[in-house]
Structures are given as C-alpha cells and as structure tokens.
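*Asks:* Sequence first, predicted coordinates after that:
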Amino acid sequence: MSSGSFDPAPLQARLRLFVIGVLVFSLFLTLFARLWYMQVLSSEDYSQAATKNHTREVLIPAPRGAVVDAAGRTLVGNRVSLVITVDRSVLAKLPDAQQQAMLDRLAKVLGQKPADLRARTMLCGEPGASKPPACWNGTPYQPIPVAKDVSAQVAIEVMERREDFPGVGAESATLRAYPAPYGVNAAHVVGYLSPITTSELDELDKSGQDSVPHRSDLVGRAGLERTYDAMLRGTPGVKNVVVDAIGYTTGVEKQTSPVPGATLVTSIDARIQAAVEKELRSAILTARKQYDKITKRNYVADSGAAVVMDTKTGQVVAMASYPTYDPRVWVGGISQRELDALYSPASGTPLLSRALQGQLAPGSTFKPITTAAAMGAGYGPKTRLDCTSFFEVGDRKFKNYESASYGMIGFDEALALSCDTFFYRIAYDLWLKEGGDSSNIDAFDPLVEMAKKFGLGRPTGVDLPGEAAGRIADRKWKKQYYDAQKDYYCKLAERPPAGTSAFLKQFSREFCVDGYRYRAGDAVNFAIGQGDTTLTPVQLATVYSALSNGGILWEPRVAKKLVGPNGKVQPVPAKISARLPVPATTLRYIDRALQETVRTGTAAWKFNGFPLDRVPVRAKTGTAEVYGKQTTSWLASYTDRYAVVMMISQAGTGSGASGTAVRRIYEALYNLKPAAPPAKQATP
C-alpha cells in the first residue's frame with residue numbers, strides 16, 4: 001500500500017466507541033431518572049407500602065354489653081380476671097429444648113399438663129396443632145391466653161421470674177359473669193359464648209372481609225347472646241403492632257379504643273324466674289317419688305319446662321327448662337368432657353331448651369281449640385252430648401283418661417271435667433261430614449284449620465334461636481309420613497326381627513297396606529291433642545295468652561330494649577302474629593268454662609284455699625299418652641294478666657304433677673301468701 005492511501009479502521013473504531021459511550025450514558029441517565037422518581041416523586045407511596053408491610057392489625061375486644069332483667073338486675077355481666085399469656089414471637093426465638101423446658105416450668109406453676117399447655121400455644125391449623133378449643137384460634141400477633149382466673153400469687157411468681165419465663169406475661173381480661181339474682185339460672189334464656197369457628201372465618205373471607213381481626217372473637221351461640229350478638233358485642237378497637245421480617249412483634253405503632261356493647265334490658269323478672277325454676281324442679285323431683293299404677297314403677301319425670309307470659313304484651317316474664325346447666329361452664333373455654341355431658345342423653349341433654357324445642361302431644365290442653373272449631377262448625381253452647389266412659393270407632397274403644405261417665409253435658413262441663421268422649425263424638429261427626437273419605441288429603445277439616453289459626457305447626461317467632469315448629473298431624477302430613485316410611489314398615493312387616501312386639505308387627509302390616517289414610521281414629525285422637533300432633537310449651541303459652549286477651553296471638557319477646565353506651569335507647573317492639581277468627585262470645589264462653597277447672601274440675605283439688613275471687617285463674621289440665629313411655633303432664637292456665645304453662649315428661653296427670661307448682665307460681669306473681677296446710681287432727 002502506498003503512503004498516500006487512506007486507512008478507515010481508526011475512524012470506525014472511534015465511531016464504535018462513541019456509540020457505546022452514548023448507550024452507557026443513556027443507561028445511566030435512565031437509572032438516575034428512575035431513582036429520582038422513586039425517591040422523590042414516589043417516596044410517600046413506597047413509605048406507606050413499607051410501613052404497611054411491617055405492621056399487623058390486632059383486635060382489642062370491646063367490653064360485651066350486660067343482660068339485665070326488667071328491674072335492672074344483672075343476669076349476665078362482666079368481671080375482670082387475671083390471665084397468664086405467652087408471646088409466640090418470643091417463644092419462637094428460643095431453641096426447641098429451651099421452649100419445652102420453659103413450658104414445663106410454666107405448666108407446673110399453673111397446675112396444668114405440659115402437653116395441654118403447649119397445645120394452647122399452637123395456632124389452629126398449623127402442623128401438630130390440636131382441634132379447637134385446645135388450639136389458639138386468634139391472631140398470632142398478640143399474646144395467647146393460656147390460663148384464666150389465676151391467683152395473684154401465681155401471677156406475681158411468673159412476673160418475678162422473667163428469666164425463667166421469657167415471653168410469659170400476666171394481664172387482666174374481661175370474662176362473662178353470672179351474678180344470679182335470687183339464685184336464678186336462666187341458662188337457656190341468656191345463652192352462652194364460644195370462640196368463632198374456622199368455617200365462620202372462612203365465610204368472612206368469602207364475603208370480602210378481613211378475618212384476622214376477628215380470630216379471637218367470642219360469638220353468641222344460644223339464647224339472647226346469639227339473637228342480639230351484634231349489639232352486645234360492640235365495636236372492637238384495633239392495635240397496629242410492628243413486626244419484623246420473621247413476623248415477631250417488636251412494638252406498637254398505634255391503637256384505637258373499643259366501644260362497649262349495648263345493655264340488653266329483658267322482660268324477665270328475676271324473682272319470678274327463680275320461683276319458676278324452683279317449682280319446676282320441685283315438681284319433677286316430687287313426681288319421681290310417685291308410683292305409676294299403669295307401668296308398675298315410679299314416674300321417670302325425665303324433663304320439663306315452664307313459661308310465664310304477659311298476655312297483654314306477649315313479653316316473657318319467666319322461662320325455665322329442666323334439666324339445665326351452669327352457663328359458667330363456657331367461660332374461659334370448655335373441656336371435651338364437659339361438652340359431651342351437655343349433649344349426652346344419659347345426663348338428659350341439658351343443652352336442649354324444652355320450652356322452645358320440646359315437642360310433645362298436648363293432650364287435653366288442646367280441647368279449647370277443638371271447642372272453638374266446633375262452635376264455628378255448627379255446634380253451640382246449648383249442645384249436649386253423652387259423656388260415656390268410652391266411645392267406639394269400628395272395633396276400637398276410645399276411653400276417657402281422667403274423666404268418669406257424666407251423662408249428657410255441654411262444652412263447658414266437658415272442658416272443666418276433661419271428658420274425652422264428648423270431644424270424640426264431635427270429631428267423629430265432623431269426620432263424617434267431611435265425607436268420611438280417609439284417602440282424600442284435600443278434605444276440609446275445621447279442627448285442623450282452627451289449630452293453624454291458633455298458630456300451631458309453625459314457630460311463634462320468639463326472639464330466641466332454635467325454636468321448633470311443632471307438628472299438625474293432618475291428612476297431608478300423614479300422606480307425607482307414609483311416603484317417607486312405607487319401605488321401612490313394609491320390610492318390617494315382611495321380616496320382623498326377633499323380639500319385635502305383636503303391636504309393632506300388626507302396626508307394620510297395616511301401615512304397609514294403607515298407612516296414608518286419615519281414619520276416624522286419627523280424627524278423634526286429634527280432637528283431644530293425642531296422636532302425632534305436637535307442640536312446644538312456648539306455643540301453648542301463646543295460645544292461652546290469646547284466650548286471655550281476647551284473641552291476640554303475640555310473637556313472644558324476651559328483649560324489651562337496648563341501651564347503647566351513649567345512653568341511646570332502642571326499643572324492641574312487640575309484634576302481633578295474628579288475631580283469632582273466633583267470635584268474642586265463643587272466647588267468653590271458653591273463658592267461663594276454664595274458670596270451673598280450678599273450682600270444680602280436674603284442677604280444683606290443687607287450688608283449694610287459693611283466692612280465686614281476687615285472682616281468677618282459668619286452666620286446662622292435659623295428660624298425653626305416649627307409646628312406650630309414661631304420660632306427659634300438662635297444665636296450661638291464665639289470668640287477666642299472665643299465662644302460665646308447665647309441662648313435665650313422663651310424670652303422670654296434668655294436675656297431679658304440675659298443679660301445686662303452677663299454683664305457687666301464681667302466688668309469686670301476685671305476692672300471695674301460700675295457704676297454710678290443713679291442721680292435723682289429734683289422734684283419739
């Protein structure tokens with residue numbers, strides 16, 4: 001190559017270096033621009049995100065509202081308890097061996113088993129955790145309570161030995177308290193609390209709500225605690241705790257104070273409630289000492305209930321169920337053994353409220369309904385029918401239970417004397433007028449229709465959860481029952497197991513063939529509250545309240561008003577469910593007849609000496625026969641102001657088992673002095 005020629009290589013090299021320099025400069029410029037944007041323009045957003053990333057919300061439970069009686073006496077309140085807690089964030093920093101050693105020492109001080117204590121410190125759902133309530137279902141960002149109601153000495157011992165108990169603290173907590181004025185129990189009325197469940201937390205998540213702040217909530221599970229849970233619970237406070245990268249709590253950023261729940265004022269009168277509970281229990285224990293001539297053994301008297309209602313407002317003055325339980329058993333957690341006992345048939349299933357959920361045949365207490373229906377179907381006050389000792393339908397004799405043979409009588413005497421055969425004749429006659437067609441499920445039945453008008457076969461609407469509807473065993477129900485049970489009884493009729501009774505064999509054969517038919521026997525049983533018709537004590541209380549007040553069926557109410565922490569009052573209004581389609585003249589006629597029950601009728605022997613002129617009591621006794629069991633005792637009654645209903649299962653006659661107890665309840669209601677027992681005559 002000649003010396004004068006041009007070499008382009010250096011120029012190309014400088015061009016490449018220039019391009020690379022421009023690219024590097026652009027990258028640095030972009031990087032610095034991004035850093036400037038993040039640190040200057042978006043610093044506030046990132047600061048908030050970072051803060052949010054290292055804080056957690058912890059629920060501060062609000063003091064739960066009290067439940068008081070009509071006079072302001074506390075039925076359910078709150079008390080302060082010393083609680084030992086364990087901070088998981090501190091516990092997790094310890095080696096496993098030190099964790100176990102510390103828990104062993106703490107368990108010894110608390111008088112617990114180490115395994116039980118460790119179970120309480122584990123979160124529900126984590127590997128190795130026990131099932132609720134043994135595990136902790138609350139948030140992991142707050143200390144976990146492991147022992148409640150500890151003594152001050154134990155709390156001091158734990159706090160003074162911090163080197164032996166790292167992460168363990170002692171603090172005060174609010175727990176439910178039951179002052180029991182007049183010694184009341186009222187467990188089935190007030191209900192109880194238990195921790196929120198995993199399924200309930202899942203529902204919160206599905207609804208878009210944050211479940212974490214609710215993990216340690218106690219929720220009303222029964223009674224008033226459940227119905228008015230939202231108002232009693234109040235508004236929880238929120239504490240924002242600071243956590244590190246591992247999740248350990250390192251401090252508190254801010255917190256808001258909780259708002260206490262409202263006070264629930266009820267219509268319960270603690271004095272009357274205590275009297276009702278006492279008399280119900282006494283009647284049951286007395287019945288167990290009485291000999292049953294039919295079964296040749298003492299009465300079982302396994303359960304019972306009593307209801308007192310204000311007939312003018314529908315408010316519940318008292319409501320008791322037996323057997324009952326101590327509501328304090330739920331405070332601070334319940335053991336599996338205690339929980340099993342509450343559901344155990346061997347202990348009488350005490351968690352079941354017989355007043356709301358006890359569904360039994362009403363017996364003769366049903367007869368005022370039959371009377372109202374009959375008088376609307378052509379019968380009247382001048383009707384006279386023969387009260388014989390039995391009434392024959394086909395080849396079966398239906399006998400009087402409590403009544404003897406009284407000859408020709410009217411509705412008034414039939415009610416006071418509880419003559420079954422009088423009402424058998426009414427029911428049989430109406431069944432024939434309906435056509436006597438036992439297969440027509442659409443036939444009009446005035447007795448059934450009147451029972452529905454009186455509110456039977458459906459819940460009353462009382463403001464307590466778990467109410468049963470009862471059952472009206474009419475033609476349609478019998479057809480439904482037949483369709484559901486036909487295969488079972490046909491199989492039983494074809495191949496009865498060894499030991500099957502002759503009665504059950506015959507019943508199965510007949511049921512398999514045409515068990516859907518509503519026969520004359522079903523009709524006459526229905527008229528006196530026998531057979532498959534059932535109702536609850538609170539339903540019967542609404543019926544007899546309507547007889548007292550001129551035909552108004554109330555929705556029973558236990559709550560009267562809610563008083564907020566700011567003093568604002570929210571009334572719980574009474575509500576009319578229906579008005580009876582019964583003429584006032586018929587209601588007055590029934591009223592006069594039921595007055596005779598305690599003067600000359602089946603309950604008169606229990607009301608001797610009672611001031612009936614001052615406090616006119618109307619009543620109807622009931623003795624319901626139950627296949628395979630002893631008779632159910634019913635006594636339904638009312639005055640111009642109160643209705644009192646008592647039911648005792650397997651206890652004999654209505655007046656025999658419940659008469660004395662109901663009388664004493666009226667003495668408590670009207671502040672009457674109990675009548676002195678008759679003086680004993682000197683032995684000659």
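*Replies:* The structure has been received and is ready for your questions. Numbers count the residues shown, from 1 in each chain.

*Asks:* Which helix or strand in the protein has the lowest average pLDDT?
*Replies:* For the chain, the helix or strand with the lowest mean confidence is helix 43-53, at a mean of 52 (criterion: mean pLDDT, DSSP states H and E).

*Asks:* what's the span of stretch 639-653 from first residue to last?
*Replies:* Using CA to CA, to the nearest Å, the end-to-end distance of stretch 639-653 comes to 22 Å.

*Asks:* what does stretch 350-357 give?
*Replies:* 12 Å.

*Asks:* And for stretch 259-269?
*Replies:* 28 Å.

*Asks:* again, but for stretch 633-648
*Replies:* One end of stretch 633-648 sits 5 Å from the other (CA to CA).

*Asks:* same question for that stretch, mean pLDDT?
*Replies:* The predicted model assigns stretch 633-648 a mean pLDDT of 98.

*Asks:* Quote the end-to-end distance of stretch 260-268.
*Replies:* Stretch 260-268: ends 23 Å apart by CA to CA.

*Asks:* So what touches it?
*Replies:* 62-70, 72, 75, 186, 189, 224, 228, 231-234, 310, 313, 315-319, 557-565, 570 (CB atoms under 8 Å, 6 or more residues apart in numbering). Just so you know, the C-beta spots here come from the backbone N, C-alpha and C atoms, and that holds for glycine as well.

*Asks:* Helix, strand or coil: sort out Ala414 for me.
*Replies:* helix (DSSP: H, G, I helix; E, B strand; the rest coil).

*Asks:* Taking the contacts of stretch 260-268, please make a ChimeraX selection of just the buried ones.
*Replies:* In ChimeraX, this line selects whichever of the contacts of stretch 260-268 come out buried by 16 or more other CB atoms under 10 Å:
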select :62,64,65,66,67,68,69,70,75,186,189,224,228,231,232,233,234,310,313,315,316,317,318,319,557,558,559,560,562,563,564
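
*Asks:* Just the ones in helices from the contacts of stretch 260-268, please.
*Replies:* Those of the contacts of stretch 260-268 mapping onto helices are Val189, Leu224, Met231, Leu232, Arg233, per DSSP state H.

*Asks:* which two of those lie the greatest distance from each other?
*Replies:* Between any two of those, the greatest separation by CB to CB is 18.6 Å, found for Val189 and Arg233.

*Asks:* Give me the domain ranges for the chain.
*Replies:* Split into domains by automatic domain parsing, the chain comes to 56-266, 267-474+518-559+573-675.

*Asks:* Please name whichever of the ones you listed is nearest to Ile20.
*Replies:* domain 56-266 (40.7 Å).

*Asks:* to the chain's geometric centre, what's the distance from the closest one?
*Replies:* Offset of domain 56-266 from its chain centre (CA atoms, centre = their mean, to the nearest Å): 24 Å.

*Asks:* What of stretch 296-304?
*Replies:* With CA atoms, centre = their mean, you get 25 Å for stretch 296-304.

*Asks:* do the same with stretch 475-493
*Replies:* Using CA atoms, centre = their mean, the offset of stretch 475-493 from its chain centre is 31 Å.

*Asks:* Can you give me the buried ones in it?
*Replies:* Arg475, Trp477, Lys478, Lys479, Tyr481, Tyr482, Tyr489, Cys490, Leu492, Ala493.

*Asks:* now stretch 499-517
*Replies:* Leu504, Phe507, Ser508, Arg509, Phe511, Cys512, Gly515, Tyr516, Arg517.

*Asks:* helix, strand or coil for Pro350?
*Replies:* Pro350 - assigned by three-state DSSP - is coil.

*Asks:* How many residues are close by Gln100?
*Replies:* 13 (other CB atoms under 10 Å).

*Asks:* Now do the contacts for it.
*Replies:* Neighbours of Gln100 in contact, by CB under 8 Å, 6+ apart: Pro114, Arg118.

*Asks:* repeat that with 10 Å
*Replies:* Leu94, Pro114, Arg118 (CB atoms under 10 Å, 6 or more residues apart in numbering).

*Asks:* partners of whichever strand or helix holds Val645, with directions?
*Replies:* Using DSSP states H and E, Val645 sits within strand 642-649. Strand 642-649 pairs in its sheet with strand 303-310 (antiparallel), strand 632-638 (antiparallel), by DSSP bridges.

*Asks:* Quick one, which of those strands gets closest to Ala578.
*Replies:* Sorting those by CB to CB, the top spot, which is the nearest, belongs to strand 303-310 at 15.8 Å.

*Asks:* sorry, back to before: can you tell me which of the buried residues of stretch 475-493 end up in strands?
*Replies:* The strands, defined by DSSP state E, take in nothing from the buried residues of stretch 475-493.
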